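Peer 1: task: produce atomic coordinates for the following.
(chains A, B, C and D)
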Number of protein chains: 2
Amino acid sequence: MSRPVDREKYEAKRSAILSAASIQFATHGYQRSTTAGICRAAGVSSGTFFHYFPSKLDALVAVLDSGCKDLQDRLAQAEQDAPGLAAVMSYTDILETEIGEKSYPVFIAGLAGVESETSVAAALNVETHLVSDFLIRNIEAGQRHGHVRGDFPAHELARWVSWLLNGAAQAAATGPSPQESQIRRGVRTILESPQ
Amino acid sequence: MSRPVDREKYEAKRSAILSAASIQFATHGYQRSTTAGICRAAGVSSGTFFHYFPSKLDALVAVLDSGCKDLQDRLAQAEQDAPGLAAVMSYTDILETEIGEKSYPVFIAGLAGVESETSVAAALNVETHLVSDFLIRNIEAGQRHGHVRGDFPAHELARWVSWLLNGAAQAAATGPSPQESQIRRGVRTILESPQ
DNA sequence: CTTGATCTAGAGCAGGCACTCGAATAAAGC
DNA sequence: GCTTTATTCGAGTGCCTGCTCTAGATCAAG
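Peer 2: Residues are numbered from 1 along each chain as shown, chains lettered A, B, ... in the order given. Sure thing, here's the model as predicted:
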């Protein structure tokens, strides 16, 4: 036998391609992105691309997974720093920033058409649940501390908040970005106790 | 000269093709729909299709325009029946029904990639403003009657409501439809006066 | 050095799709 | 009937794009 895989080099190249793919997807959406474009951006031939990812869809799933891991870390961080309402607002701020940069909304919008592909759906499902659980957990905590209205179950409030956030992202994809902290105020309005 | 265009027959055929296109777009999204599929559904050859619409995109714009007209009528009806908060809730119900049927979310999601095309963007813009103006007008009326909280400007409340609705639609496109009247309750929660 | 494996390139293939074109038919005016 | 124009058809075209294939470069182990 001979020539074992050099793990380090392999991962480096793979993540370089992944990064280029991620940028392409975020800029033009999945469908509009071409493997040729990704290869050009990564400075790599199509042969190399398909050596690392058996198909374009696999690259998308890999991007999705990687984004999911990042998100998980950030959510955990926010929750650790200050659980409850503060954590929810912290997540809101993160999203508001990304929405302002447009990459997130374009990326999400560009998934249309492949979101039903099982591998993609699975990845998205994981992410959705990650956020949903985070919201429910911290809204419940907020309710216990009296910072969040208690007249609706936490899971219902969480769903409204996530709808608001997704809707804002979508609106940003098609039109102008929302004004500073308008999303923030919306989330607060849903969650605050009626005096 | 001879053979003038038979307006009636022309419009009939055109709207038959348009109707088939509309169903295809709503079922599979724009990108996934093929002109061949639309032709098959309309019982028409591709030559005929392109005789009535110079391009697939033109068919989409026509569908969009037609939908916009329908919406305008329904909004006017709701507003005439009972202006103010009731009109907003009536529109919410309409949307909630369509979201439950999935056609609306799929259609919207399927626009990804062409939404930046100027003709499409223009059509979407008209629709967005139609709804936005409707919401602002009726939320303002609701505020005057004391049915809607007055501690935020109507345009801000309107935006939050439309975000919530769009977010719910998007969520329905990727996952299960929301439970009966959950959207309704969300809208109410945003708009109701804090006691 | 030889061997056998991975890594890389890039030309090219195959299939799908929007769209075209020429012919055939139908219908209205002369 | 004849001419002209609208309408319809559907085979065909050209392009784009995901993906394959082959040939060579590179490198570790024996």
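
Peer 1: am I right that A:L111 is in contact with A:R32?
Peer 2: No. Using CB atoms under 8 Å, A:L111 makes no contact with A:R32, being 11.4 Å away. (Glycine included, C-beta is placed from N, CA and C.)

Peer 1: the two: which has the busier surroundings?
Peer 2: Ranked by neighbour count (other CB atoms under 10 Å in any protein chain shown), A:L111 and A:R32 place A:L111 first, with 21 against 17.

Peer 1: most proximal residue of chain A with respect to DNA strand C?
Peer 2: Going by CB to the nearest atom of the strand, DNA strand C is nearest to A:G47 of chain A, at 2.3 Å.

Peer 1: and that residue, what's its pLDDT?
Peer 2: What the model reports as pLDDT for A:G47 is 96.

Peer 1: what's the burial count for it?
Peer 2: Around A:G47 there are 8 residues (other CB under 10 Å).

Peer 1: roughly how far apart are it and B:A16?
Peer 2: Separation of A:G47 from B:A16 (CB to CB, to the nearest Å): 48 Å.

Peer 1: can you check A:K102 too?
Peer 2: Taking CB to CB, one finds A:K102 at 39 Å from B:A16.

Peer 1: for A:N138, same thing?
Peer 2: Taken as CB to CB, the span from A:N138 to B:A16 is 53 Å.

Peer 1: who has more neighbours out of the two?
Peer 2: Set A:N138 next to B:A16 and count neighbours by other CB under 10 Å: A:N138 wins out with 26 against 15.

Peer 1: need the pLDDT of the more buried one.
Peer 2: Reported pLDDT for A:N138: 98.

Peer 1: repeat for the one 10 residues further on
Peer 2: The score at A:V148 is 97. That number is its pLDDT.

Peer 1: quick one, what contacts the closest residue in space to it that isn't next to it in sequence?
Peer 2: Leaving aside its chain neighbours, A:V148 sits nearest to A:G142 (3.5 Å; criterion: CB to CB, 6 or more residues apart in numbering or on different chains). Neighbouring residues of A:G142 by CB atoms under 8 Å, 6 or more residues apart in numbering or on different chains: A:G84, A:L85, A:V88, A:V148, A:L191.

Peer 1: run a quick neighbour tally on the nearest residue to the last one once chain neighbours are set aside.
Peer 2: Computed as CB to CB, 6+ apart, the closest residue to A:L191 that is not its neighbour in sequence is A:V148, at 4.9 Å. For A:V148, the tally of surrounding residues (other CB under 10 Å) stands at 23.
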